[in-house]
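Trainee: Let's see this in three dimensions:
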Amino acid sequence: MISQITALTRIPKEYVASVLLFVLLLIILRTSKNFIVQLLKKFAKKTTNEIDDMIVDAIERIPWFFYITLSVGIATKPLALPLWVDKGINYAITILIVFYAVRFVNNMISFFAEKQVAKQSESDKGEDTTFISIIGTITKIVVWVLAAIFLLDNFGIKVTPLIAGLGIGGIAVAFAFQNILEDLFSSFTIYFDKPFKHGDYIVIGSDSGTVEHIGLKTTRIRTLQGQELIVSNRELTSIRINNYKRMQKRRVVFNFGVVYDTPTEKLKKINKIVEKIISNNKNLELDRVHFKELGDFSLNFEVVYYINTREYKAYMDAQQEINFALKEEFEKEGIEFAYPTQSIILEK
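Mentor: Down below sits the predicted model:
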């Protein structure tokens, strides 16, 4: 027993001081953590945003191992430890700090990505939010890569040749996957520029349909005939697109003809008849009515009006009502619609 006490008294004072400092730091860190968490929780209850709740959660999730390692690192600084031990402790502290910092940043990225998805879902229920999740994932990967480069640089590893090698390899990969990368970047152009979005009715060349999905490489369109049309994003960003969903109101032009036997007095009534028919529909706005031309077999009129909707079915319903009303009014006035005819003149 006496020999053990004698052995303990031979322990250098700096080691005893380091142990006491380690215990003291551990107590302080633990107490400070509890105090800060309780303080932040009280503050978080008074606010409506969720960022402070996320900060509290991030602090609470830091385990005991982190505080122990940090306390060991600080407490052993005054000691003359072997170089490999000192480096090992410093590396462990650096790795832990970077790890929890990256995890906090990634949680922030996930939080803002989820908020953006919820915001878009509320404002436009049909919009595809896949890109937000993809951008969030890519951003997280970039953060981890930057953290890895930072750690390697702190460990004394030269990262410049590594980055240069990755750059050369990236150029080779870019050439090998040129078309895929073009589609990928085109998809980001579509997302940020928004020439169309999920649910829009678009016309591209001779094809048309409703956008059902915007992916990383292709966009899928459901045509009026029912089949699925798959178009590369690269093609969609290099051609003209007519987006009928963005149309505020539809401009309609239609023509009709009456027979040449129609008296001039009745011809002059046709403008008033058309104006009356269109004015009776509150969704229609008349632009003009004109006796346009003397056709081969008919006296032709041209009518231009606007309908306050972009829906094709509503437009066809309105045009049908106009056609019925014209037929009815012309029957009352004794005006006949023209149809293709030929007159044969016989000479003796």
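
Trainee: Can you tell me the strand partners of the longest strand seen in the chain and which way each runs?
Mentor: Secondary structure of the chain per DSSP state E: the longest strand is strand 284-294. Strand 284-294 has the following strand partners under DSSP bridges: strand 299-307 (antiparallel).

Trainee: Can you give me the buried ones in the strand it pairs with?
Mentor: Leu299, Asn300, Phe301, Val303, Tyr305, Tyr306, Ile307 (16 or more other Cβ atoms under 10 Å). Using the backbone N, CA and C atoms, a C-beta is placed for each residue, glycine as well.

Trainee: May I have that strand as CSV, with CA atoms only?
Mentor: Output in CSV follows, covering the C-alpha atoms of strand 299-307 (Å, rounded to 0.1, in the frame of the first residue of the first chain):
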residue,chain,number,x,y,z
LEU,A,299,-69.1,36.6,-100.4
ASN,A,300,-66.7,36.0,-97.6
PHE,A,301,-66.7,37.5,-94.1
GLU,A,302,-63.9,37.4,-91.5
VAL,A,303,-64.5,37.5,-87.7
VAL,A,304,-61.9,38.0,-85.0
TYR,A,305,-62.7,37.7,-81.3
TYR,A,306,-61.0,36.8,-78.0
ILE,A,307,-62.1,34.2,-75.5
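
Trainee: Kindly indicate which of the buried residues of strand 299-307 lies nearest Ser133.
Mentor: Of all these, Ser133 sits closest to Ile307, with 38.7 Å by Cβ to Cβ.

Trainee: Enumerate every residue touching that closest one.
Mentor: Lys249, Arg250, Val252, Asn283, Leu284, Glu285, Ala314, Tyr315, Ala318 (Cβ atoms under 8 Å, 6 or more residues apart in numbering).

Trainee: now those as TSV including distance to Ile149, pLDDT and neighbour count?
Mentor: Output for those, formatted as TSV (distance: Cβ to Cβ, whole Å; pLDDT from 0 to 100; neighbours: other Cβ atoms under 10 Å):
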residue	distance to Ile149	pLDDT	neighbour count
Lys249	55	85	13
Arg250	56	88	17
Val252	61	93	16
Asn283	62	90	13
Leu284	65	93	20
Glu285	62	92	14
Ala314	58	89	14
Tyr315	59	90	16
Ala318	63	94	20
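
Trainee: Which two of these have the greatest separation?
Mentor: Glu285 and Ala314 (13.8 Å).

Trainee: Pull the longest strand of the chain out as CSV, backbone CA atoms only.
Mentor: The C-alpha coordinates for strand 284-294 follow below in CSV (Å, rounded to 0.1, in the frame of the first residue of the first chain):
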residue,chain,number,x,y,z
LEU,A,284,-66.1,36.7,-75.5
GLU,A,285,-64.6,40.0,-76.7
LEU,A,286,-65.2,41.0,-80.3
ASP,A,287,-62.3,42.5,-82.1
ARG,A,288,-63.7,43.0,-85.6
VAL,A,289,-66.1,41.8,-88.3
HIS,A,290,-65.5,42.6,-92.0
PHE,A,291,-66.9,41.8,-95.4
LYS,A,292,-63.5,40.5,-96.4
GLU,A,293,-63.6,39.5,-100.1
LEU,A,294,-65.5,38.4,-103.1
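
Trainee: which parts of it are buried?
Mentor: For strand 284-294, by 16+ other Cβ under 10 Å, it's Leu284, Leu286, Val289.

Trainee: repeat for stretch 30-41
Mentor: So, applying 16+ other Cβ under 10 Å, buried residues of stretch 30-41: Leu40.

Trainee: ok, of the buried residues of strand 299-307, which one's closest to Lys33?
Mentor: Ile307 (65.9 Å).

Trainee: And the closest one, how far from Lys268?
Mentor: 27 Å (Cβ to Cβ, to the nearest Å).

Trainee: do the same with Asp183
Mentor: For Asp183 relative to Lys268 (Cβ to Cβ), the value is 60 Å.

Trainee: higher neighbour count, the two?
Mentor: Neighbour totals were compared for Asp183 and Lys268, and Asp183 leads with 21 against 10 (other Cβ atoms under 10 Å).

Trainee: Correct me if wrong: the more buried one contacts Leu216.
Mentor: Yes. Here Asp183 reaches Leu216: they are 7.1 Å apart, a contact under Cβ atoms under 8 Å.

Trainee: Residues that sit against both of those two, list them.
Mentor: Asn233.

Trainee: Average pLDDT for stretch 182-199, rounded please.
Mentor: Mean pLDDT, stretch 182-199: 81.

Trainee: all strands of this protein, in order?
Mentor: According to DSSP E, the strands that the chain contains are 201-204, 207-214, 218-222, 228-232, 242-243, 250-258, 284-294, 299-307.

Trainee: re earlier: which one of the contacts of Ile307 is nearest Tyr339?
Mentor: Val252 (22.5 Å).

Trainee: So what does Pro263 have for phi and psi?
Mentor: When quoted as degrees, to the nearest 10, the phi and psi of Pro263 stand at phi -60, psi 150.

Trainee: distance of it from Phe43?
Mentor: 87 Å.

Trainee: do the same with Phe301
Mentor: 74 Å.

Trainee: cool, Glu182 as well?
Mentor: Counting by Cβ to Cβ - Glu182 and Phe43 are separated by 49 Å.

Trainee: remind me which residues of this structure are low pLDDT?
Mentor: Within the chain, the stretches with pLDDT under 70 are 1-13, 15, 49-50, 52, 79-81, 120-130, 159, 162-179, 343, 348.

Trainee: domains in it, as residue ranges please.
Mentor: Domain assignment for the chain by automatic domain parsing gives 2-154, 187-243, 250-333.
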